[in-house]
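In: give me coordinates for this.
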Amino acid sequence: MKNVYIVMGVSGCGKSTIGKMLSKQLQVPFYDADDFHPQVNVDKMASGTPLQDEDRWPWLDSLALEIQQWSNDKGAVLACSALKESYRERLFSDSAFAKAKQNFIYLDANFEALRKRLAFRKNHFFDPSLLQSQFDTLEVPNYGVHVEATLAKEDIIRRIQQIIEQ
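Out: Reported below is the predicted structural model:
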């Protein structure tokens, strides 16, 4: 079984940017969980409607199948909000979740910094008005790698690599 690292956090924290950089460093494929959303979820978020758990379960279940395949292949890096503990658990089988906890990389950032960052983001379906709902939903994990998302990208990658290579 190969490692699948989940770069997680609220929208705008840098999951995709850091995930792509990390995958390049680790020489494994990168995937963005947003690309696996069904169109109905994308439409909801684009219109400013927060997703409910009922919207997320099928999406998380399909991601769990992908994660299982990636772990049987080369491994991977996945950018995924994974805001709640129940969502993180859903991404792995019961037996795999205990081991997988170490593979969550939480990018921590404050609301105001992300609000400003999202105001300048182009070509993304996420409505910036939903940021508060993400912070309201967020259950910060007490495991895995925690990195301040406002650090320089290179410093974030260096910190992640120091921890996962231990």
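
In: would you mark the buried spots in the strand or helix carrying V42?
Out: Element membership for V42 (DSSP states H and E) is helix 39-46. Within helix 39-46, the residues that qualify as buried are 41, 44-45, counting by 16 or more other Cβ atoms under 10 Å. For glycine as for every other residue, the C-beta is placed from the backbone atoms N, C-alpha and C.

In: going along the chain from that helix, find the next helix or strand for me.
Out: helix 53-72.

In: what is that following helix packed up against?
Out: strand 4-8, helix 39-46, strand 76-79, helix 85-90 (3 or more Cβ pairs under 8 Å, 6 or more residues apart in numbering; DSSP states H and E).

In: only alpha carbons, please: show that helix as CSV.
Out: Extracted C-alpha coordinates of helix 53-72, given in CSV (Å, rounded to 0.1, in the frame of the first residue of the first chain):
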residue,chain,number,x,y,z
ASP,A,53,-24.0,16.3,4.2
GLU,A,54,-26.5,14.6,1.8
ASP,A,55,-24.8,16.3,-1.1
ARG,A,56,-21.3,15.2,0.1
TRP,A,57,-21.8,11.5,0.9
PRO,A,58,-21.9,10.2,-2.7
TRP,A,59,-18.9,12.5,-3.6
LEU,A,60,-16.9,11.3,-0.6
ASP,A,61,-17.8,7.6,-1.4
SER,A,62,-16.5,8.0,-4.9
LEU,A,63,-13.3,9.6,-3.6
ALA,A,64,-12.9,6.7,-1.2
LEU,A,65,-12.9,4.3,-4.1
GLU,A,66,-10.3,6.4,-5.9
ILE,A,67,-8.1,6.6,-2.8
GLN,A,68,-8.2,2.9,-2.5
GLN,A,69,-7.1,2.5,-6.1
TRP,A,70,-4.3,5.1,-5.8
SER,A,71,-3.0,3.4,-2.6
ASN,A,72,-2.8,0.2,-4.6
